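Engineer: dropping the sequence and predicted coords here.
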Amino acid sequence: MEKTLDSATVQTRIGARGIANVVINRPDKHNAFDDSMIRALRQTFNTLAEDASVRVIVLSSRGRHFSAGGDLAWMQRMADFDRDDNLRDAEDLAGMLHDLRQVPQPTIAQVQGAAFGGAVGLVSCCDIAIAASTARFALSEVRIGLIPATIGPYVIAAIGERAARRFFLTGEAFDAHCALRHGLVSDVVAPEDLDSTVAQLCNTLLDNSPQAVRAAKDLITEICGVPAHDELIRETCQRIASLRVSDEGQEGLKAFLEKRAPAWRISEENDT
């Protein structure tokens, strides 16, 4: 049995196997950001983070484009904001991106068409990104006198300082294969293969222990960029020791030794 979480701009379906499909639903506006969509996404990510039945989150968009960036009407309203209003507005976007980055489940961005401005931030915050070969990306804020500030930490973490120095400063558009070379996306596929590729990736993730997947994601967050000093080494030893004696750790080891599927695997036919 599936569950749904819908707003005017974001539609979410949670299937029986625990795949949460979060769909940005403003195709008439090329799925551009505005304040209401940012709030809807943040509420959705927070709700899914607390749902133990959710094992994978797929972020996609309806229509031709993933997201064209900031909505023109929203940007026009911001032009009349004072500094305090602009600060609150930026904090809302920053909070949404942080919440997406911090959800405990693995996240997949499914990207087609344009992914401009803040949309590059969404892609960077996801653990894995699969792009259609026709997708295009841009960090074009400098062209209108702005900078990719709130998305900056996540984009730089994804593509590195050198690439950021080019794309932040030039504002130029780049294609999916360039995004792949710089680490913004994990794979590039033909547009007709985008759905099936993401579905297969979900199946691969669902083959794994839910507890171990969450623990692996948390491990990356905790140790990325940290030198392997004695305290960190002790911490990693404690983590693996705890997992080995956990229920899922024991089940996984027994299933492997007994040459059977572990209990957490759910048939694809059950996702109805």
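Structural biologist: Thanks, I have it. Small disclaimer: the values here were computed from a predicted structure and weren't measured.

Engineer: all strands for the protein, in order.
Structural biologist: Using DSSP state E, the strands found in the chain span residues 3-6, 10-14, 19-24, 56-61, 107-111, 114-116, 128-132, 136-138, 173-175, 187-189.

Engineer: okay if I get the ones you listed as JSON lines plus mean pLDDT?
Structural biologist: As requested, those are exported to JSON lines (pLDDT from 0 to 100):
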{"stretch": "strand 3-6", "mean pLDDT": "82"}
{"stretch": "strand 10-14", "mean pLDDT": "96"}
{"stretch": "strand 19-24", "mean pLDDT": "97"}
{"stretch": "strand 56-61", "mean pLDDT": "98"}
{"stretch": "strand 107-111", "mean pLDDT": "98"}
{"stretch": "strand 114-116", "mean pLDDT": "97"}
{"stretch": "strand 128-132", "mean pLDDT": "98"}
{"stretch": "strand 136-138", "mean pLDDT": "98"}
{"stretch": "strand 173-175", "mean pLDDT": "98"}
{"stretch": "strand 187-189", "mean pLDDT": "98"}
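
Engineer: please convert the ones you listed to TSV, extending it with distance to residue 149 and mean neighbour count.
Structural biologist: For the C-beta atoms, the positions are set from N, CA and C on the backbone; glycine is no exception. Formatted as TSV, the strands of the chain follow (distance: least, CB to CB, whole Å; neighbours: other CB atoms under 10 Å):
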stretch	distance to residue 149	mean neighbour count
strand 3-6	30	13
strand 10-14	24	20
strand 19-24	22	22
strand 56-61	22	24
strand 107-111	21	26
strand 114-116	16	26
strand 128-132	21	25
strand 136-138	16	22
strand 173-175	20	16
strand 187-189	28	17
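
Engineer: where does the residue minimising distance to the centre of the chain land on pLDDT?
Structural biologist: Among the residues of the chain, the one closest to the centroid is residue 126, at 2.2 Å (CA atoms, centre = their mean). For residue 126, the pLDDT comes out at 98.

Engineer: how much space between it and residue 223?
Structural biologist: According to CB to CB, to the nearest Å, residue 126 stands 20 Å off from residue 223.

Engineer: what does residue 177 give?
Structural biologist: 31 Å.

Engineer: swap in residue 257?
Structural biologist: The value you get for residue 257 to residue 223, if CB to CB is used, is 29 Å.

Engineer: neighbour-wise, which of those two wins?
Structural biologist: Counted by other CB atoms under 10 Å, residue 257 and residue 223 do not tie: residue 223 has more neighbours, with 14 against 8.

Engineer: isn't the more buried one right up against residue 236?
Structural biologist: Yes - taking CB atoms under 8 Å as the definition, residue 223 is a contact partner of residue 236 at 7.1 Å.

Engineer: now do the buried residues in the least confident helix or strand in the chain by mean pLDDT.
Structural biologist: Scoring the helices and strands of the chain by mean pLDDT, DSSP states H and E places helix 72-79 at the bottom, with a mean of 75. Using 16 or more other CB atoms under 10 Å as the test for burial, helix 72-79 gives 74, 78.

Engineer: which elements pack onto that helix?
Structural biologist: When contacts are defined as 3 or more CB pairs under 8 Å, 6 or more residues apart in numbering; DSSP states H and E, helix 72-79 sits against helix 83-102.
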